[in-house]
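**Q** the following block contains a protein sequence and its predicted model.
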Amino acid sequence: MILDIDIADLKKITALVHTKYGYDFRDYAMSSFKRRMLRILELQGLTVETLFRKINDQPGFMTEFLDEVTVYTTELFRDPGFWRLLRQEIIPAIQLNNKTFRILHAGCSSGEEVISMTILLKELGIHDQVSIIATDIDTVILEKAKAAAYPIKNMELNEKNYIRFEGKAALKNYYKEENGKAVFNRDLFTNVSYRKYDLVTGEVFNKFDLILCRNVMIYFNQTLQNEVLKKFHASLFKYGYLAIGTKESVVWCDYANRFIVVNQEEKVYKKIKD
């Protein structure tokens with residue numbers, strides 16, 4: 001059976017999910033959202049009509065729905081050049097004005113980026129001077145992030161990234177192997193708070209010195225990207241930093257002139273105007 005789903009059905013689904021459960025996918029990039037819906041139809045053996053009924057009649061199904069819609073591919077020290085830039089330039093620049101500072105990981109997914117940051121801070125010797133908030137819309141994926149236990153087979157790629165990052169030790173120093181999983185040391189997370197948070201509908205957070213939201217906005221349409229960027233602007237201290245994905249941009253957004261480009265290749269920006 002060849003599955004397909006048209007734009008009218010996608011809009012019907014996003015409207016129902018928003019009205020009934022408060023999750024707002026109406027301004028997600030429809031091409032990406034369509035791929036996720038087709039995958040749900042295939043995995044669950046559903047038609048568009050039965051998917052709609054399941055969303056409407058089975059609130060428990062929303063856990064699976066969110067899991068499928070919001071899971072993004074991630075790795076430890078993904079894009080090692082970005083992490084070297086943080087270590088060599090961005091964090092030292094923040095430290096010039098602040099001995100202690102705050103970091104937001106928005107859309108943290110299964111938590112690999114958070115672990116990368118805590119290891120970086122450990123190796124800089126400033127782990128206890130930084131507080132980290134890690135957020136995601138999906139409570140299931142947040143629990144995975146909190147557990148910080150990943151298939152041991154994933155560690156080969158993660159170790160290669162760490163070597164390219166030019167870390168001080170070996171990645172295996174930071175985890176123990178248990179039942180086929182790499183379980184990361186709990187002392188990495190003493191400064192981390194995990195919170196359920198919807199980038200679309202959530203209130204503006206308290207101020208941060210650095211916000212990372214990498215490879216998340218690529219799934220949003222331009223209207224939603226603009227709204228999220230305004231929220232990040234309001235959540236940053238003046239002269240705070242924003243890091244987005246390498247395929248993302250802020251240049252066309254309403255608030256673009258309130259940032260300057262710090263590093264074009266790694267897509268790091270600095271807030272210069274309130």
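**A** Looks like it came in fine.
**Q** and the helices in the protein, which stretches?
**A** Using DSSP state H, the helices found in the chain span residues 7-21, 30-44, 48-57, 61-70, 80-85, 91-95, 112-124, 139-147, 155-165, 222-235.
**Q** can you tell me which strand in this structure is longest?
**A** strand 236-244 (DSSP state E).
**Q** quick one, it and helix 112-124 angle?
**A** Here strand 236-244 runs at an angle of 110 degrees relative to helix 112-124 (axes from the mean of the first three to the mean of the last three CA atoms, to 10 degrees).
**Q** what's in contact with strand 236-244?
**A** For strand 236-244, contacts defined as CB atoms under 8 Å, 6 or more residues apart in numbering pick out 82, 86, 90, 93-94, 97, 207-214, 217, 232, 250, 259, 262, 266-274. C-beta: built from backbone N, CA, C; applies to glycine.
**Q** I'd like to know which of those residues are buried.
**A** The neighbour count (16 or more other CB atoms under 10 Å) marks 82, 86, 90, 94, 208-214, 217, 232, 250, 259, 262, 266-271 as buried among the contacts of strand 236-244.
**Q** hmm, back to that, show me what counts as buried in the longest strand of the chain.
**A** Applying a neighbour-count criterion of 16+ other CB under 10 Å, one finds 236-237, 240-244 buried in strand 236-244.
**Q** could you dump these to TSV with distance to residue 28?
**A** Shown next, in TSV, are the buried residues of strand 236-244 (distance: CB to CB, whole Å):
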residue	distance to residue 28
236	24
237	29
240	27
241	26
242	21
243	21
244	17
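**Q** determine which two of those are furthest apart.
**A** 237 and 244 (17.8 Å; CB to CB).
**Q** in the sheet, who's paired with residue 104?
**A** Beta-bridge partners recorded for residue 104 (DSSP bridges): residue 133, residue 211.
**Q** surely it meets residue 209?
**A** No. Using CB atoms under 8 Å, residue 104 is not in contact with residue 209, being 9.2 Å away.
**Q** still on that earlier bit, in strands, which of the contacts of strand 236-244 fall?
**A** Members of the contacts of strand 236-244 lying in strands (criterion: DSSP E): 208-213, 259, 262, 268-271.
**Q** so which of those residues is the closest to residue 59?
**A** Using CB to CB, residue 213 is the member of these that lies nearest residue 59, at 28.5 Å.
**Q** tell me the spacing between that closest one and residue 138.
**A** Distance of residue 213 to residue 138, given as CB to CB, to the nearest Å: 15 Å.
**Q** can I get the longest strand of the chain in PDB, CA atoms only?
**A** Backbone C-alpha positions of strand 236-244 (Å, rounded to 0.1, in the frame of the first residue of the first chain) are rendered in PDB as follows:
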ATOM      1  CA  LEU A 236      19.700  36.500  26.500                       C
ATOM      2  CA  PHE A 237      21.600  39.000  28.500                       C
ATOM      3  CA  LYS A 238      23.000  41.800  26.300                       C
ATOM      4  CA  TYR A 239      26.200  40.600  24.700                       C
ATOM      5  CA  GLY A 240      25.000  37.000  25.300                       C
ATOM      6  CA  TYR A 241      25.600  34.400  22.600                       C
ATOM      7  CA  LEU A 242      23.200  32.300  20.400                       C
ATOM      8  CA  ALA A 243      24.300  29.100  18.600                       C
ATOM      9  CA  ILE A 244      22.100  27.600  15.900                       C
END
